[in-house]
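A.B. asks: this is the structure alone, sequence omitted:
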Ligand code: AMP
């Protein structure tokens, strides 16, 4: 070590002073390392980890940002992927969102770019949706928040080009974007790619599902040949393996099968409810749990009408749908994270990739189109190792979909009843008692108020000769207010519905085996074919059609069925029973302008 070297053995004074400086620097680094170590060990207390993130050799800024985030231990995917990526290896990873995969690739890439002073981007991350692009860019920003002059830019469709162009003109380290918009910027020359030395394909299977294969291949062909490639995918179908074979160079392969573990943390339930009772059932469910809830519905129109109804019942609600501009959506998610709103009513597309740790309950108000949509929806809860609950509303017609869903997800979804007046009233009572008790426990927090309360109690005793218990009763009465405390709406429909549905479901179970083949095709039965007047002659490709439909309507990419492109028209299978408003939007969609 330089510190122990005999200074006499050095030549000139200049060398001596240089050596002194570097020794000092080393001292500082050691000090710094100790400080970080002690902080990390402090935050890790109680966990059975060894050195947590220290073992990866990250620089101090990254370690600091991890301390800020409160991360203690690397997740399994991080443990496996970070060392490989730090060595510059290509990587093929099978992992879902929720496993910590973003940090698994973001941290080593930030580390590698820590001294980057050049203007052009070095890393490109491609994601299937703008929601995921924003989320991944946010992660890069937070992990590099302590690194000076580190810039991440997100570029995705549906928003103005100008801001993106001016961001790309300045110094940028990492660009995160969706394939279509990345292509546009490359073509226009507004995204300079000549210095890209790492490409990450995030949720690659989802990008293929959305028909982006050609776009991805086009982009890869434009990038410099010598680059590190990272491919993450939740599933590993042959198409993904083929891409890996074609583009990745001797990749490290990592598979984190945490899907089961993740969904195990989510207790999955369903309840039978007829269509005209759905809103009432929802309100009753929210009586039991209304802090950190996402309600999934099929149409934008429903998001607003349900949100209005819930707001009228006194809930703090916001809406997330495709009509809402991106910046407003980000604002809504932020308010949800901070607890300013408790309930979000969302469509599938708008809530894709949403990552809010305080979500405790997901309500599938409308039945999801397919297994993937369901898995994605319920995955909005049970984040970062927390537990969560998911409730699925099922009507008469959807019962066979339920069984199908259970089979395909290999999960037993437990039946629950719609809460009756009795259950709700018990809950209200418990809550009131809890609140009064909490308020008693917290009474010492504000000395000024404490003095005031004692003053009021003394006054009541003196002026009106009230005893302690009558004062307590009067105070509780004041808290309850004028509205009737207990619900007494007619709830006879709940029992009738539960019983009749259960009987029917028993009867039906005998027919289940016979019907199972037909049920397996339920997705096909639920499609309708639409004809569009553009085709091969217009240069239209599958990806163009999917992204136009997704961007102009609330239809989820996954719920789009078969697409056939003929010379001057195209046939697209879309979910049956689309809302009139959605159909009108479909009439007006433009593909490639
Ligand atoms: P991802 O799989 O990248 O979508 O991450 C899922 C969630 O886990 C995000 O909320 C991350 O902030 C969080 N997360 C990632 N790594 C860690 C970690 N090592 N410790 C705690 N939380 C983490």
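C.D. replies: Noted; the coordinates are in hand. These numbers were taken from a predicted model, which means no experiment stands behind them. Numbers count the residues shown, from 1 in each chain.
A.B. asks: for stretch 111-118, which positions count as buried?
C.D. replies: Buried positions in stretch 111-118, judged by neighbour count with 16 or more other C-beta atoms under 10 Å: 111-114, 116. Every residue, glycine included, has its C-beta placed from N, CA and C.
A.B. asks: next: stretch 266-281.
C.D. replies: Neighbour-count burial for stretch 266-281 flags 266-268, 270-273, 277-281 (criterion: 16+ other C-beta under 10 Å).
A.B. asks: and which of those is nearest residue 86?
C.D. replies: Nearest to residue 86, judged by C-beta to C-beta, of those is residue 266 at 33.1 Å.
A.B. asks: list phi and psi for the closest one.
C.D. replies: In terms of degrees, to the nearest 10, the main-chain angles of residue 266 are phi -100, psi 120.
A.B. asks: circling back: for the buried residues of stretch 111-118, which one is nearest the ligand?
C.D. replies: Nearest to the ligand among the buried residues of stretch 111-118: residue 111, at 15.3 Å, using C-beta to the nearest ligand atom.
A.B. asks: show me what contacts that closest one?
C.D. replies: Residue 111 is in contact with 56-59, 62, 86, counting by C-beta atoms under 8 Å, 6 or more residues apart in numbering.
A.B. asks: what about the closest residue to the ligand within the stretch 451-593 of the chain, distance to residue 546?
C.D. replies: Of all residues in the stretch 451-593 of the chain, residue 558 sits closest to the ligand, at 18.4 Å by C-beta to the nearest ligand atom. Residue 558 sits 10 Å away from residue 546, going by C-beta to C-beta, to the nearest Å.
A.B. asks: coming back round to it: closest one of the buried residues of stretch 266-281 to residue 457?
C.D. replies: residue 280 (42.0 Å).
A.B. asks: contacting residues around the helix or strand hosting that closest one?
C.D. replies: Following DSSP states H and E, one finds residue 280 within helix 278-288. Helix 278-288 has contacts (C-beta under 8 Å, 6+ apart) with 271, 273, 293, 295, 306, 309-310, 313, 315, 343, 361, 363, 365, 391, 393, 395, 418-419, 423-424, 427-428, 487, 489.
A.B. asks: which is the next helix or strand following that helix?
C.D. replies: That would be, after helix 278-288 and using DSSP H and E, strand 293-296.
A.B. asks: just give me how far that next one sits from the chain centre.
C.D. replies: 13 Å (C-alpha atoms, centre = their mean, to the nearest Å).
A.B. asks: given that strand, what are its sheet partners and their directions?
C.D. replies: Strand pairing for strand 293-296, determined by DSSP bridges: strand 343-346 (parallel), strand 361-364 (parallel).
A.B. asks: got those as a markdown table, with distance to the ligand, mean neighbour count and mean pLDDT columns?
C.D. replies: Converted to a markdown table, the strands paired with strand 293-296 look like this (distance: least, C-beta to the nearest ligand atom, whole Å; neighbours: other C-beta atoms under 10 Å; pLDDT from 0 to 100):
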| stretch | distance to the ligand | mean neighbour count | mean pLDDT |
| --- | --- | --- | --- |
| strand 343-346 | 17 | 26 | 96 |
| strand 361-364 | 16 | 24 | 96 |
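A.B. asks: closest one to residue 210 among those?
C.D. replies: strand 343-346 (19.2 Å).
A.B. asks: reformat the buried residues of stretch 111-118 as a markdown table; add secondary structure.
C.D. replies: Shown next, in a markdown table, are the buried residues of stretch 111-118 (DSSP: H, G, I helix; E, B strand; the rest coil):
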| residue | secondary structure |
| --- | --- |
| 111 | helix |
| 112 | helix |
| 113 | coil |
| 114 | coil |
| 116 | coil |
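A.B. asks: please pick the buried ones from the contacts of helix 278-288.
C.D. replies: Using 16+ other C-beta under 10 Å, the buried ones in the contacts of helix 278-288 are 271, 273, 293, 295, 306, 309-310, 315, 343, 361, 363, 365, 391, 393, 395, 418-419, 423-424, 487.
A.B. asks: how about the nearest residue to residue 372, chain neighbours excluded?
C.D. replies: Using C-beta to C-beta, 6 or more residues apart in numbering and skipping residues adjacent in sequence, the residue nearest residue 372 is residue 558, 5.1 Å away.
A.B. asks: wait, a helix at the one you found?
C.D. replies: Yes: using three-state DSSP, the assignment for residue 558 is a helix.
A.B. asks: now do the contacts for it.
C.D. replies: Contacts of residue 558 were listed using C-beta under 8 Å, 6+ apart, and they are 209, 369-370, 372-373.
A.B. asks: check residue 291 too.
C.D. replies: Applying C-beta under 8 Å, 6+ apart, the residues contacting residue 291 are 339, 342, 358, 360.
A.B. asks: from residue 62, how far off is residue 544?
C.D. replies: 39 Å.
A.B. asks: those two: which has the busier surroundings?
C.D. replies: A count of neighbours by other C-beta atoms under 10 Å puts residue 62 above the other of residue 544 and residue 62, at 24 against 21.
A.B. asks: secondary structure class for the more buried one?
C.D. replies: At residue 62 the chain is in helix, as set by three-state DSSP.
A.B. asks: let me know whether it touches residue 143 as I believe.
C.D. replies: Yes: assessed by C-beta atoms under 8 Å, residue 62 is found in contact with residue 143 at 6.5 Å.
A.B. asks: tell me which residues of stretch 487-495 come out buried.
C.D. replies: Neighbour counts over stretch 487-495 (16+ other C-beta under 10 Å) mark 487, 491, 493-494 as buried.
A.B. asks: direction included, what does the helix or strand hosting residue 531 pair against?
C.D. replies: Assigned by DSSP H and E, residue 531 falls within strand 527-532. Strands that pair with strand 527-532, judged by DSSP bridges, come out as strand 570-575 (antiparallel).
A.B. asks: so what does the helix or strand following the strand it pairs with touch, helix or strand wise?
C.D. replies: Counting by DSSP H and E, the next helix or strand C-terminal to strand 570-575 is helix 580-588. When contacts are defined as 3 or more C-beta pairs under 8 Å, 6 or more residues apart in numbering; DSSP states H and E, helix 580-588 packs onto helix 542-552.
A.B. asks: contacting residues around the helix or strand following the helix it packs on?
C.D. replies: Sequence order places strand 563-565 as the next helix or strand after helix 542-552, per DSSP H and E. For strand 563-565, the surrounding residues in contact (C-beta under 8 Å, 6+ apart) are 211, 535-536, 540-542, 545-546, 570-573.
A.B. asks: so how far is residue 553 from residue 580?
C.D. replies: 12 Å.
A.B. asks: quick check, the residue in the stretch 101-250 of the chain closest to the ligand?
C.D. replies: Of all residues in the stretch 101-250 of the chain, residue 102 sits closest to the ligand, at 3.2 Å by C-beta to the nearest ligand atom.
A.B. asks: for that residue, which residues are in contact?
C.D. replies: Counting by C-beta under 8 Å, 6+ apart, residue 102 has contacts 135-136, 139, 202.
A.B. asks: with respect to the ligand, which of the contacts of residue 111 is nearest?
C.D. replies: Using C-beta to the nearest ligand atom, these come closest to the ligand at residue 56, 11.4 Å.
A.B. asks: secondary structure element for the residue lying closest to that closest one once chain neighbours are set aside?
C.D. replies: Residue nearest to residue 56 in three dimensions, not counting chain neighbours: residue 82, with 5.1 Å by C-beta to C-beta, 6+ apart. Following DSSP H and E, one finds residue 82 within helix 76-86.
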